[in-house]
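J.: Everything below, folded, please.
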Amino acid sequence: MIKIKSEKEIELLRKAGEITRNTLLEVEKHVKVGVTTRQLDKIAHDYILSQGAKPSFLHYGGFPATICASVNDVVVHGFPDDTPLSEGDIVSIDVGACYKGYHGDSARTYPVGTISADKQKLIDVTRQSFFEGIKDLKAGNTVGDISSRVQNYVEKYGFGVVRDMVGHGVGRDLHEDPEVPNFGYAGLGPKLKAGMVIAIEPMVNMGSYEVVIRGWSCKTKDGLPSAHYENTILITDTGVEILT
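T.: Sure thing, here's the model as predicted:
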């Protein structure tokens, strides 16, 4: 069931979103050659706690960390570890913060040192596909309108949109209805209503959209890099408000 949020709930979701966004900004300062994703995880963990919130991902379904840290061909759900980041890597950081029982959820992909032009293009297209997805979006549109816009933009550049992982509603639960795929047809799927809060998160592969999933691990099938960009948004009668 899709939940419409009250004004009080929206205020709490705004605060959760603000903390989530600022956590990523804090982590971004430390993404460089030689840093480990476990170190980035501690930075995120400590910052979230300092803001009076709790890490949404830690122990969620058994997940062992505050952030998902997905390097190069890891699409999502990478476990932070002690492997130093290397020149030319890209790393996707996905994080959530829970404030007074309400969640924010957001992700970015960062370059490590100097990266290749094709990796930079992948990051740029993935980010812009999110903004294409919400262009002119408002109550009355459908989930499929988002999905088709993301897919059409990404595939124009020859990249693959991941099918096996999707966006989702956000609220008191980290994952709520509706599912928000990054591929599909305009006009299909649930109708968007004012007060709905959803996470839109394009996951884009440099090559094929196919992935291999084993447990938490989700990697590209062809071993090429993948990028991730996510924001939690509020649907309004006149547009959208980005909460993260």
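J.: The longest helix seen in the chain - contacts with which helices or strands?
T.: The longest helix of the chain (DSSP state H) is helix 7-28. When contacts are defined as 3 or more Cβ pairs under 8 Å, 6 or more residues apart in numbering; DSSP states H and E, helix 7-28 packs onto helix 37-50, strand 90-99, strand 102-111, strand 231-235. Where you see a C-beta, it was placed from the backbone N, CA and C, and this is true even at glycine.
J.: Contacts for the first one, please.
T.: Residues outside helix 37-50 that contact it (Cβ atoms under 8 Å, 6 or more residues apart in numbering): 19, 22-23, 26-27, 30-31, 54-55, 58, 65-67, 69, 71, 78, 80-83, 85, 91, 93, 95, 97.
J.: Tell me which stretches of this protein form helices.
T.: Per DSSP H, the chain carries helices over the ranges 7-28, 37-50, 117-133, 143-156.
J.: between the longest one and strand 231-235, how big is the angle?
T.: Helix 7-28 runs at 160 degrees relative to strand 231-235, counting by axes from the mean of the first three to the mean of the last three Cα atoms, to 10 degrees.
J.: try the third one
T.: Here the directions of helix 117-133 and strand 231-235 differ by 20 degrees (the same axes, to 10 degrees).
J.: Just want the angle from helix 117-133 to strand 102-111.
T.: 150 degrees.
J.: which parts of helix 117-133 are buried?
T.: Buried residues in helix 117-133, counting neighbours by 16 or more other Cβ atoms under 10 Å, are found at Lys119, Leu122, Ile123, Val125, Thr126, Arg127, Gln128, Ser129, Phe130, Phe131, Glu132, Gly133.
J.: ok, the fourth one - contacts?
T.: If I follow you right, that is Val125. By Cβ under 8 Å, 6+ apart, the contact list for Val125 reads Tyr153, Val154, Tyr157, Phe159, Val204, Ala227.
J.: Select, out of the helices of the chain, the one closest to Thr220.
T.: helix 117-133 (11.2 Å; Cβ to Cβ).
J.: if we can go back for a sec, can I get the longest helix of the chain as PDB, trimmed to CA atoms?
T.: The C-alpha trace of helix 7-28 is given here as PDB (Å, rounded to 0.1, in the frame of the first residue of the first chain):
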ATOM      1  CA  GLU A   7       2.700  17.500   7.000                       C
ATOM      2  CA  LYS A   8       4.300  16.400  10.300                       C
ATOM      3  CA  GLU A   9       5.800  13.300   8.600                       C
ATOM      4  CA  ILE A  10       7.100  15.400   5.800                       C
ATOM      5  CA  GLU A  11       8.900  17.700   8.200                       C
ATOM      6  CA  LEU A  12      10.600  14.700   9.700                       C
ATOM      7  CA  LEU A  13      11.500  13.300   6.300                       C
ATOM      8  CA  ARG A  14      13.000  16.700   5.300                       C
ATOM      9  CA  LYS A  15      15.200  16.500   8.400                       C
ATOM     10  CA  ALA A  16      16.200  12.900   7.700                       C
ATOM     11  CA  GLY A  17      16.900  13.900   4.100                       C
ATOM     12  CA  GLU A  18      19.100  16.800   5.100                       C
ATOM     13  CA  ILE A  19      21.200  14.600   7.400                       C
ATOM     14  CA  THR A  20      21.500  12.000   4.600                       C
ATOM     15  CA  ARG A  21      22.600  14.700   2.100                       C
ATOM     16  CA  ASN A  22      25.100  16.200   4.500                       C
ATOM     17  CA  THR A  23      26.500  12.700   5.300                       C
ATOM     18  CA  LEU A  24      27.400  12.300   1.600                       C
ATOM     19  CA  LEU A  25      29.000  15.700   1.500                       C
ATOM     20  CA  GLU A  26      31.100  14.800   4.500                       C
ATOM     21  CA  VAL A  27      32.100  11.400   2.900                       C
ATOM     22  CA  GLU A  28      32.900  13.100  -0.400                       C
END
